[in-house]
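Student: next one to model:
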Amino acid sequence: MCMEYSKYADKIKTYCDNNGLDFSKIKKMIKGCGADDIIFQYHDPEKGKMGLLDETPAPVVLKISRIGNDIKFEQTEYTRQYLA
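Tutor: Have a look, this model is predicted:
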């Protein structure tokens, strides 16, 4: 679904605007993708400089799943912390 991120960018922006989230922040986040989903993760550039030797987690901030021709949004416990 990452290849189709631009296809859904307007819907994601609208969701962010309607829910008080900063779309400019989400555009800069790391994306993890599957066939029918995208997860956005927060990465602190000051942490995790040791690559795989560092176990600094990148918290999932927003999950988006494709269901048919539409998408479903799921906020996490970190959504407001990193996107508000």
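Student: make it CA atoms for all contacts and neighbour counts henceforth
Tutor: Fine.
Student: which elements pack onto the longest strand seen in the chain?
Tutor: Across the chain, the strand with the greatest residue count (assigned by DSSP state E) is strand 60-67. Here strand 60-67 touches strand 37-41, strand 70-75, helix 79-83, going by 3 or more C-alpha pairs under 8 Å, 6 or more residues apart in numbering; DSSP states H and E.
Student: ranking the ones you listed by burial, who's on top?
Tutor: Neighbour counts (mean count of other C-alpha atoms under 10 Å) averaged over each of the helices and strands packed on strand 60-67 peak at strand 37-41, with a mean of 20.
Student: residues in contact with it?
Tutor: Under the contact criterion C-alpha atoms under 8 Å, 6 or more residues apart in numbering, strand 37-41 has outside partners 1-2, 26, 29-33, 58-66.
Student: ok, now stretch 62-77?
Tutor: For stretch 62-77, the surrounding residues in contact (C-alpha under 8 Å, 6+ apart) are Asp36, Asp37, Ile38, Ile39, Phe40, Gln41, Val60, Val61, Thr79.
Student: now stretch 9-28
Tutor: Outside stretch 9-28, the residues that touch it by C-alpha under 8 Å, 6+ apart are Phe40, Arg80, Leu83, Ala84.
Student: measure the second one to Lys11 for me?
Tutor: Which is Arg80. Distance of Arg80 to Lys11, computed by C-alpha to C-alpha, to the nearest Å: 19 Å.
Student: off-centre distance for the longest strand of the chain?
Tutor: Its chain's C-alpha centre and that of strand 60-67 lie 7 Å apart, by C-alpha atoms, centre = their mean, to the nearest Å.
Student: please go through the chain and pick out the longest helix.
Tutor: In the chain, taking DSSP state H as the definition, the longest helix is helix 5-18.
Student: pull out the buried residues from it.
Tutor: Going by neighbour count (16 or more other C-alpha atoms under 10 Å), the buried part of helix 5-18 is Ile12, Lys13, Cys16.
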